[in-house]
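Q: Pasting the sequence and the predicted coordinates here, then a few questions.
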Amino acid sequence: MEQAVCNGGGFAEVDLLKISGAADHIGAGLDLPNGFSSEVNKNLSMGAASNSQAKILYGPDGYILEDVPHLSDYIPELPTYPNPLQDNPAYSVVKQYFVDDDDTVPQKVVVHADSPRGIHFRRQGPRQKVYFKSDEVNACIVTCGGLCPGLNTVIREIVCGLHYMYGVRSVVGIDGGYRGFYSRNTIPLSPKSVNDIHKRGGTILGTSRGGHDTKKIVDSIQDRGINQVYIIGGDGTQKGAAVIFEEVRRRGLKVSVVGVPKTIDNDIPVIDKSFGFDTSVEEAQRAINAAHVEATSIENCIGLVKLMGRNSGFIAMYATLASRDVDCCLIPESPFYLEGPGGLYEYIEKRLKENGHMVIVVAEGAGQELIAESLSSSDQQDASGNKLFQDVGWWLSQRIKDHFAKEEKMAINLKYIDPTYMIRAIPSNASDNVYCTLLAQSAVHGAMAGFTGFTVGPVNTRHCYIPFNRINERQNRVVITDRMWARLLSSTNQPSFLRTKEELEDAKEKEEEPPQTQLLDDGCCHEKLTENKQ
Ligand SMILES: Nc1ncnc2c1ncn2[C@@H]1O[C@H](COP(=O)(O)OP(=O)(O)O)[C@@H](O)[C@H]1O
Ligand SMILES: O=P(O)(O)OC[C@H]1O[C@](O)(COP(=O)(O)O)[C@@H](O)[C@@H]1O
Ligand SMILES: [Mg+2]
């Protein structure tokens with residue numbers, strides 16, 4: 001492994017992707033970088049390494065801390081102030097006001113007795129010292145990408161958290177996503193103006209795709225004297241936040257850049273789940289129920305529901321598991337085929353003969369390779385560079401109807417329901433509201449404590465500060481070799497659409513067509529994902 005560790009002074013290069021061998025360097029007796037407490041120093045005798053990508057510390061027994069940047073990493077001798085939270089009456093009964101600086105959260109909780117301690121993230125929460133005076137803070141909030149239930153709750157709780165916990169009075173909203181940084185006006189935000197916004201869907205700030213110009217955004221941050229930037233958005237947005245942070249650091253600005261992960265598709269890695277996901281799964285039940293009612297009221301009827309999920313089929317999977325009325329769930333990670341033994345048509349016919357009705361849930365990104373084979377494939381993208389998909393629900397409806405009409409095979413009825421935008425536009429439910437509050441407060445505590453270049457989120461239920469590079473290096477996707485997908489298959493009884501080893505060998509011997517579906521090492525069966533182009 002190419003790697004170096006620092007010796008007291010400047011950080012040396014480390015390649016985060018090659019971290020698997022990091023334990024080799026543990027206990028090398030190296031000095032600690034600034035910012036580590038004596039407790040950690042005394043107990044762990046860590047080595048440390050960092051570059052613009054990663055700030056990693058190694059401890060004994062395979063302990064690794066993937067830390068987040070701090071303003072003091074690149075601005076020397078920053079003054080600190082006592083945390084005003086210690087005078088907050090609401091918190092006076094709390095046993096311990098502040099999070100211990102040495103508290104970290106393990107990424108993996110299932111371990112063997114001889115496993116190395118593994119990767120950890122810094123625990124979120126208020127610190128004893130803050131790096132901003134209350135009246136010095138000029139914060140801004142921006143929302144980018146697609147809508148998601150809970151956006152307004154996060155906005156509300158950032159504004160209220162800054163105001164009530166830290167006495168911050170200057171908070172503005174950026175209008176309409178990243179491109180709003182270039183417009184003249186901002187939206188003033190106060191506890192009064194955001195008081196009941198959590199009861200509304202959407203985002204009061206507006207949102208957009210595309211239009212990210214790092215230099216212009218940081219110019220605007222600098223010109224407006226903004227020193228805390230809260231960026232709420234999905235995988236694309238967090239990539240944008242990472243480059244904003246890099247530019248802020250390059251210019252040496254005292255500006256904390258904080259990401260709050262928003263993704264209805266749950267496609268952001270590391271964190272347990274994203275806000276709005278629970279609400280979406282719950283709302284999807286209404287569409288599935290409607291499909292079930294239709295299907296059971298008419299002879300040989302199929303209710304087909306399309307749910308969101310561009311590359312990650314979590315909403316479809318969880319909505320299916322929750323409902324128990326679904327006979328087949330199709331997601332991008334598990335390609336399916338229509339014709340022949342083990343195919344979808346065969347399964348539909350069997351199900352209709354057995355039950356007289358059927359419910360199918362399909363994620364928007366499922367079956368795109370099949371559609372591309374039958375329709376002229378398009379390489380269109382949205383303004384952010386995300387591939388635009390064909391409507392799999394409509395396509396599948398037509399194919400199923402055509403198949404059963406052919407040679408008067410079977411008279412069927414099919415009702416197609418697309419509730420996707422209706423689901424996305426609702427306010428968050430109670431549990432997402434609480435979750436959004438924790439994310440927002442965690443972001444505020446982190447920024448006030450001088451941390452920067454991080455995304456907030458729960459890891460094994462404990463909220464953490466996660467460096468941008470960990471959030472941005474891959475997408476979270478359903479792993480079909482995990483037990484959750486097996487649970488789904490056993491609840492629907494649908495075919496797995498996977499050929500067994502024996503079937504593959506058999507097909508090879510008979511010199512048949514190569515299989516439509518093969519399982520890859522990562523448990524996915526998908527072509528390489530289309531990256532955002534920006
Ligand atoms: N790789 C990237 N670098 C910088 N900005 C990006 C990148 N990818 C997306 N963005 C910006 O992030 C914003 C939201 O991205 P998008 O993919 O539409 O939504 P989401 O963040 O919900 O995934 C857009 O304004 C887009 O320009
Ligand atoms: O029509 P739009 O606004 O481009 O949104 C469609 C996309 O937005 C999503 O709901 C969410 O995507 P992001 O989280 O990446 O914004 C996807 O499921 C869907 O493909
Ligand atoms: Mg996205």
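A: Looks like it came in fine. A quick note: this is a predicted structure, and the numbers were derived from the prediction, not measured. Ligands and ions are numbered 1, 2, ... in the order given.
Q: What is the burial count for residue 374?
A: 12 (other CB atoms under 10 Å). (C-beta placed from N, C-alpha, C; glycine too.)
Q: for residue 204, same thing?
A: Neighbour count of residue 204, defined by other CB under 10 Å: 17.
Q: Tell me the residues on the chain that lie near ligand 1, please.
A: With CB under 6 Å from any ligand atom as the criterion, the chain meets ligand 1 at residues 144-146, 177-178, 208-212, 233-237, 239-240, 243, 384, 386, 532, 534.
Q: Just the buried residues of those.
A: Buried members of these, scored by 16 or more other CB atoms under 10 Å, are 144-146, 177-178, 208-212, 233-237, 239-240, 243, 384, 386, 532.
Q: From those, list the ones also adjacent to ligand 3.
A: Counting by CB under 5 Å from the ion, 234-236 from those sit close to ligand 3.
Q: mind listing what the closest residue to ligand 2 within the stretch 51-200 of the chain touches?
A: Relative to ligand 2, the nearest point of the stretch 51-200 of the chain is residue 146 (3.0 Å; CB to the nearest ligand atom). Neighbouring residues of residue 146 by CB atoms under 8 Å, 6 or more residues apart in numbering: 207, 209, 234, 264, 424.
Q: ditto for residue 399
A: Neighbour list for residue 399: 338, 374 [criterion: CB under 8 Å, 6+ apart].
Q: and the stretch 301-450 of the chain, which residues reach ligand 2?
A: Counting by CB under 6 Å from any ligand atom, the stretch 301-450 of the chain comes close to ligand 2 at 308-310, 364, 382, 424.
Q: quick one: low-confidence ranges for the protein?
A: The model of the chain has pLDDT under 70 over residues 1-53, 376-377, 499-534.
Q: Briefly note if stretch 360-372 comes near ligand 3.
A: No - against ligand 3, stretch 360-372 shows no contacts by CB under 5 Å from the ion, the least distance being 11.4 Å.
Q: If we go by neighbour counts, what in that stretch is buried?
A: So stretch 360-372, judged by 16+ other CB under 10 Å, has buried residues 360-368, 370-371.
Q: right, and out of those, which lies closest to ligand 2?
A: Within the buried residues of stretch 360-372, the smallest distance to ligand 2 is 5.7 Å, found for residue 364 (CB to the nearest ligand atom).
Q: isn't the closest one right up against residue 420?
A: Yes - Residue 364 lies in contact with residue 420 (CB atoms under 8 Å); the separation is 6.8 Å.
Q: Mind listing the shared neighbours of those two?
A: Both residue 364 and residue 420 are contacted by 306-308, under the criterion CB under 8 Å, 6+ apart.
Q: Leaving out sequence neighbours, find the closest residue to the residue sitting nearest the centre point of the chain.
A: The centroid of the chain falls nearest to residue 268 when counting by CA atoms, centre = their mean (2.3 Å). Nearest non-adjacent residue to residue 268, counting by CB to CB, 6 or more residues apart in numbering: residue 261, 4.6 Å away.
Q: Show me the beta-bridge partners of that neighbour.
A: Judged by DSSP bridges, the bridge partners of residue 261 are residue 233.
Q: Tell me how far it lies from residue 273.
A: For residue 261, the distance to residue 273 equals 10 Å [CB to CB, to the nearest Å].
Q: Please identify which of those two sits among more neighbours.
A: Taking neighbours as other CB under 10 Å, residue 261 and residue 273 compare with residue 261 leading, 28 against 19.
Q: ok, the more buried one touching residue 239?
A: No - between residue 261 and residue 239 there is no contact under CB under 8 Å: 11.8 Å.
Q: Flag every residue of the protein that's near ligand 2.
A: So far as CB under 6 Å from any ligand atom goes, the chain lies against ligand 2 at 145-146, 234, 236, 263-265, 308-310, 364, 382, 424.
Q: Let's see which of these end up in helices.
A: Counted as lying in helices by DSSP state H, out of the residues of the chain next to ligand 2, are 236, 424.
Q: Out of the residues of the chain next to ligand 2, which is nearest to residue 60?
A: Among the residues of the chain next to ligand 2, residue 263 lies closest to residue 60 (CB to CB), at 36.1 Å.
Q: any idea how far the nearest residue to the closest one once chain neighbours are set aside lies from residue 384?
A: Closest residue to residue 263 apart from its sequence neighbours, by CB to CB, 6+ apart: residue 234 at 4.1 Å. Going from residue 234 to residue 384 by CB to CB gives 9 Å.
Q: Pull up the overlap in contacts between those two.
A: residue 145.
Q: now the closest residue to ligand 3 within the chain: how far from residue 483?
A: Using CB to the ion, residue 234 is the residue of the chain that sits closest to ligand 3, at 3.7 Å. Counting by CB to CB, the gap from residue 234 to residue 483 is 27 Å.
Q: Same check on residue 347?
A: Using CB to CB, we find residue 347 at a distance of 22 Å from residue 483.
Q: So between the two, which is more surrounded?
A: With neighbours defined as other CB under 10 Å, residue 347 and residue 483 compare such that residue 347 has more, 21 against 8.
Q: And what about that one, helix, strand or coil?
A: Counting by DSSP: H, G, I helix; E, B strand; the rest coil, the backbone at residue 347 sits in helix.
Q: now residue 401
A: Secondary structure assignment for residue 401 (three-state DSSP): helix.
Q: That one: neighbouring residues, count only.
A: If you count neighbours by other CB under 10 Å, residue 401 ends up with 15.
Q: My read is that it contacts residue 414, right?
A: Yes - the criterion here is CB under 8 Å, and residue 401 meets it with residue 414 at 5.7 Å.
Q: Which single residue of the stretch 251-400 of the chain approaches ligand 1 most closely?
A: Closest to ligand 1 within the stretch 251-400 of the chain is residue 384: 3.1 Å, counting by CB to the nearest ligand atom.
Q: That residue contacts residue 209, doesn't it?
A: Yes - counting by CB under 8 Å, residue 209 is a contact partner of residue 384 at 4.1 Å.
Q: overlap in contacts of the two?
A: Each of 145, 236 lies in contact with both residue 384 and residue 209 under the rule CB under 8 Å, 6+ apart.
Q: re earlier: check contacts around the residue nearest to residue 263.
A: By CB under 8 Å, 6+ apart, the contact set of residue 234 is 144-146, 148, 261-263, 265, 267-268.
Q: now swap in residue 478 and tell me
A: Going by CB under 8 Å, 6+ apart, the list of residues near residue 478 reads 312-314, 317, 331, 333-334, 484-485, 524.
Q: please redo it, this time with the cut-off set to 6 Å
A: Residue 478 makes contacts with 313, 317, 331, 333, as judged by CB atoms under 6 Å, 6 or more residues apart in numbering.
Q: And for residue 163?
A: By CB under 6 Å, 6+ apart, the residues touching residue 163 are residue 191.
Q: how close does it sit to residue 375?
A: In terms of CB to CB, residue 163 sits 52 Å off from residue 375.
Q: circling back: could you list which of the residues of the chain next to ligand 1 belong to strands?
A: If you go by DSSP state E, the residues of the chain next to ligand 1 have residue 233 in strands.
Q: Tell me which residue of the stretch 51-200 of the chain lies closest to ligand 1.
A: Relative to ligand 1, the nearest point of the stretch 51-200 of the chain is residue 145 (2.0 Å; CB to the nearest ligand atom).
Q: Quick check, that residue in contact with residue 238.
A: No - Residue 145 is not in contact with residue 238 according to CB atoms under 6 Å; the separation is 9.6 Å.
Q: And stretch 163-177, what's buried?
A: Buried positions in stretch 163-177, judged by neighbour count with 16+ other CB under 10 Å: 163, 165-166, 168, 170-177.
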